[in-house]
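**Student:** everything below, folded, please.
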Amino acid sequence: MDEYLEYNRWQTWRTHLEAIEELKPAALVAPEPVDGLAIPQLVVKHPRKALGRIARLLSGAPDESLFVTGVTGTNGKTTTTRILSHLFSRLGKPCGCIGTLGVSLPDHFSIPGTYTTPLSPQVYEDLKQILELGAEAVAMEVSSHGLALDRVEGICFDAAILTNVERDHLDFHGTPEAYAEAKRRLFGRVKEQGICILNRKSPYYEEFAAASSGTVVGYGECGSAADLELVDLELGASNTRFKLSWKGATISLETQLVGKFQIENTMAAIALLASLGYDLTEIAGALMDFEPVCGRMERFDLANGATAIVDYAHNPDGLKNVLQNCRLLCEGRLHVVFGCGGDRDKGKRAIMGRLASDFADVSWVTSDNPRTEDPEAIIKDIIEGFDKTKDVMTEPDREKAIRKACAAADPNDLVLIAGKGHEDYQIIGYTKHHFSDQEVLKELGAY
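**Tutor:** Alright, predicted model coming up:
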């Protein structure tokens, strides 16, 4: 929920007593008294914090009975939490997952969600459900919005992981510094005996390490002075082989994930398990049957001999990473289909245009949740960042853009369709319309 919408809703309620009374609440928690209301009122400075603590109390504090890992970062949260859930579960510690794709517990249930980090009452309800089904751990995505809006208030985190901090959500946080500060809060919420896993290549490493209340463990490339280092990497079109060094020992691993940034996410998860004393050989065995996450470097073979990849990359860092990795996998030309969301940070549009211009051979600029903005205006903002000598096509209709890009691809070309990933909708105005990049590809005969 948008912080300002919350405030405006409160201002409306406080002047319309009937709106509150219709809910028939037993009591009201509010930032200031409401005159004329005949129910008990608890006046607190931060109602959202109070909401989290009340929700925790009413749910029986399920976090106390679970090993709770919070994962934050601009990109990679979903893949990292899913890997953690898979590895913990395969290694004998049933682990649930809460995040962008919803709530799940391997071999039990999987249901879609609304927010990356749900509102605090839902968070505790999810934790309670996961616990009652026999879980011993949970890996949850903790977004900057979730931290700024107190959605994880009261949770006792046993571990926290940082994937990266790049430009995103400045329409909400205002500045990169405020965005990073919101994410940094997670690491001060970790138990004193807990573990904080940090990416050594992040420019925020030292800052986050200083803010961490648990033991800091770093992961990174060879020579990065990280506790867990990547010493060898062999990227393939359908799998990746790599070697890691941990406390003087080197282990070879293989995964169905593709792309270097996916290996970084994998390393973040492995760093936590290794820190907890899990055997690296057993971790390597459990990793082999982890399947790619929906909409994250999801590969399709096209009927014309080209390859398509669907990825959720919807910000500059995400688009740059996926383009760079697609280039390594592409034998022919690299095509990209992407857009930028309406009513969101306009500053990233030209940046993403420049990235597409720099790393792709052919770009198709289209719509990606235009919301209340004119799709043509959004496209114009993106085009401003392009090198004028590069090929760029515009097509506001996303389905047509995908079809045109795939039709234009030659055998051995790769078509990256970025921005929506797992999403099965397109937001136009205030309405969600069903739309899926994957479904369009399958209609074209992709498999």
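
**Student:** which SSE is residue 220 in?
**Tutor:** Following DSSP states H and E, one finds residue 220 within strand 215-221.

**Student:** so what are the sheet partners of that strand and their directions?
**Tutor:** Applying DSSP bridges to the sheet, strand 215-221 is found paired with strand 190-199 (parallel), strand 228-235 (parallel).

**Student:** buried set for that strand?
**Tutor:** 216, 217, 218, 219, 220 (16 or more other C-beta atoms under 10 Å). Every C-beta, even on glycine, is put in place using the N, C-alpha and C of the backbone.

**Student:** for stretch 103-114, same thing?
**Tutor:** Buried residues in stretch 103-114 (16+ other C-beta under 10 Å): 103, 104, 105, 106, 113.

**Student:** pull the most distant pair out of those.
**Tutor:** Maximum pairwise distance in those, criterion C-beta to C-beta, is 16.5 Å, between 106 and 113.

**Student:** quick one: the strands in the stretch 301-447 of the chain?
**Tutor:** 307-311, 334-338, 362-365, 391-394, 414-418, 425-428, 431-434 (DSSP state E, counting those that start in this stretch).

**Student:** ranking those by mean pLDDT, which is last?
**Tutor:** Out of the strands of the stretch 301-447 of the chain, strand 391-394 stands lowest, with a mean of 91 (criterion: mean pLDDT).

**Student:** now, the buried residues of stretch 103-114 that are in strands?
**Tutor:** Among the buried residues of stretch 103-114, the residues falling in strands (DSSP state E) are 103, 104, 105.

**Student:** now do the closest residue to the first one other than its chain neighbours against residue 157, distance only.
**Tutor:** What sits nearest to residue 103 in space, not counting adjacent residues and going by C-beta to C-beta, 6 or more residues apart in numbering, is residue 126, at 4.8 Å. Applying C-beta to C-beta, to the nearest Å, the value for residue 126 to residue 157 is 15 Å.

**Student:** tell me which element residue 272 is part of?
**Tutor:** Counting by DSSP H and E, residue 272 is found in helix 260-275.

**Student:** buried ones in that helix?
**Tutor:** 260-275.

**Student:** circling back to that earlier point, and the buried residues of strand 215-221 as TSV, adding pLDDT and distance to residue 172?
**Tutor:** Formatted as TSV, these follow (pLDDT from 0 to 100; distance: C-beta to C-beta, whole Å):
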residue	pLDDT	distance to residue 172
216	98	28
217	98	30
218	97	29
219	98	28
220	96	29
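
**Student:** columns distance to residue 425 on top of those residues, output as TSV?
**Tutor:** Formatted as TSV, the buried residues of strand 215-221 follow (distance: C-beta to C-beta, whole Å):
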residue	distance to residue 425
216	39
217	38
218	38
219	35
220	37
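
**Student:** give the contact list for the closest residue to residue 75 other than its chain neighbours.
**Tutor:** Leaving aside its sequence neighbours, residue 75 sits nearest to residue 318 (C-beta to C-beta, 6+ apart; 4.5 Å). Taking C-beta atoms under 8 Å, 6 or more residues apart in numbering, we find residue 318 in contact with 74, 75, 166, 311, 312, 418.

**Student:** in ChimeraX, how would I select just the buried ones from those?
**Tutor:** Buried subset of the contacts of residue 318, written as a ChimeraX selection, criterion 16+ other C-beta under 10 Å:
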select :74,75,166,311,312,418
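
**Student:** of the contacts of residue 318, which is the nearest to residue 237?
**Tutor:** residue 311 (14.7 Å).

**Student:** beta partners of the closest one?
**Tutor:** Residues in a beta bridge with residue 311, per DSSP bridges, are residue 418.

**Student:** how far away is it from residue 23?
**Tutor:** Residue 311 is 42 Å from residue 23, by C-beta to C-beta.

**Student:** before we move on, what about residue 344?
**Tutor:** Distance from residue 344 to residue 23, by C-beta to C-beta: 32 Å.

**Student:** the more surrounded of these two?
**Tutor:** Remark: of residue 344 and residue 23, residue 344 carries more neighbours, 21 against 9, as counted by other C-beta atoms under 10 Å.

**Student:** so which strand or helix has the nearest residue to the more buried one once chain neighbours are set aside?
**Tutor:** Computed as C-beta to C-beta, 6+ apart, the closest residue to residue 344 that is not its neighbour in sequence is residue 171, at 5.0 Å. Residue 171 is part of helix 170-173, with elements assigned from DSSP H and E.

**Student:** now the element after that helix, going C-ward?
**Tutor:** As assigned by DSSP H and E, the chain's next helix or strand after helix 170-173 is helix 176-184.

**Student:** and that next one, what's buried?
**Tutor:** In helix 176-184, counting by 16+ other C-beta under 10 Å, buried: 179, 180, 181, 182, 183, 184.

**Student:** leaving out chain neighbours, which residue sits closest to the last one?
**Tutor:** With C-beta to C-beta, 6+ apart as the criterion, residue 184 has its nearest non-adjacent residue at 5.0 Å, and that residue is residue 211.

**Student:** ok, residue 45 - contacts?
**Tutor:** Applying C-beta under 8 Å, 6+ apart, the residues near residue 45 are residue 31.

**Student:** go with 10 Å
**Tutor:** Neighbouring residues of residue 45 by C-beta atoms under 10 Å, 6 or more residues apart in numbering: 31, 32.

**Student:** residue 247 contacts residue 271, correct?
**Tutor:** No - with contact defined as C-beta atoms under 10 Å, residue 247 does not count as touching residue 271 (11.4 Å).

**Student:** beta partners of the nearest residue to residue 447 once chain neighbours are set aside?
**Tutor:** Leaving aside its sequence neighbours, residue 447 sits nearest to residue 301 (C-beta to C-beta, 6+ apart; 5.8 Å). Using DSSP bridges, the beta-bridge partners of residue 301 come out as residue 307.

**Student:** low-confidence ranges, this protein, go.
**Tutor:** Confidence mapping of the chain against pLDDT under 70 gives the ranges 1-16, 167.
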